[in-house]
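Student: Here is the input, now give the coordinates:
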Amino acid sequence: VNATGDITPSYSYLDSDALAQVRRCIEEAGFELKVIFLMRDPIDRIWSAVRMEERNLKKSGRVLNDDFTSKRVLEYIESQEQMARSDYRSTIKNIEKTFPSAMVHYEIYENLFNKSSIKRLEGFLGFTIDEFDFETVYNESPKVPLSENLIDILMPYFEIQYQFCNSKFPKTKELWRQVT
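Tutor: You can find the predicted model right below:
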């Protein structure tokens, strides 16, 4: 089986018209299109993005203040683009408006790296993934805990996403933070 994929968080903020245009282009090129939408705990997603940015800036030689990540998280929640990447409710609405359910597979990041998740993905794709290395981690951001204070600040921004995902994907109740 020949297969190719394209992945970017930027697709998250395409509206249904833009997704329909992407669909037309891919199908007109003769490809069978399948959509895989991977969701991560919204607060963990934004924290990971900030840590990855910090890692990349340090690699490029930038010297950062000790409070860089805390300040950057607060800047991210003011960024429409960054917040759209965790607006799963809107993204899923746009996906479901554009693609029939048979073309869409939803997965939870925290549940992705196990055999049952890969089996579900194989069933959706229609072919076997011969080798999957569950041990090697690529492009990992530094492991730094998020302070409870920042979690308390972030939660109101993402509360609706947690509620939506808890309802649509009950597994998130076990895998993600819970709204109090």
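
Student: Skipping its backbone neighbours, what lies nearest the residue nearest the centre of the chain in space?
Tutor: The residue lying closest to the centre of the chain (CA atoms, centre = their mean) is Met39, at 4.0 Å. Of all residues not flanking Met39 in the chain, Tyr88 sits nearest, at 5.3 Å (CB to CB, 6 or more residues apart in numbering). Yep, even glycine has a C-beta here, placed from its N, CA and C like the rest.

Student: got it, and Thr128?
Tutor: With CB to CB, 6+ apart as the criterion, Thr128 has its nearest non-adjacent residue at 5.5 Å, and that residue is Glu122.

Student: Which SSE is immediately downstream of the lengthiest helix in the chain?
Tutor: Ranked by residue count and defined by DSSP state H, the top helix of the chain is helix 148-168. Next along the chain after helix 148-168, taking DSSP states H and E as the criterion, comes helix 172-175.

Student: For that next one, what is the distance to the chain centroid?
Tutor: Put simply, helix 172-175 sits 15 Å off its chain's centre (CA atoms, centre = their mean, to the nearest Å).

Student: Mind listing what's buried along the host helix or strand of Ile92?
Tutor: For Ile92, the host element (DSSP H and E) is helix 88-98. For helix 88-98, burial by neighbour count (16 or more other CB atoms under 10 Å) applies to 88, 90-92, 94-95, 98.

Student: Enumerate every residue touching the residue nearest to Met39.
Tutor: Counting by CB atoms under 8 Å, 6 or more residues apart in numbering, Tyr88 makes contact with 39, 42, 161, 164-165.

Student: Throw these into TSV and include distance to Glu110 and pLDDT, thanks.
Tutor: Formatted as TSV, the contacts of Tyr88 follow (distance: CB to CB, whole Å; pLDDT from 0 to 100):
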residue	distance to Glu110	pLDDT
Met39	9	96
Pro42	12	97
Gln161	14	97
Phe164	17	98
Cys165	11	98
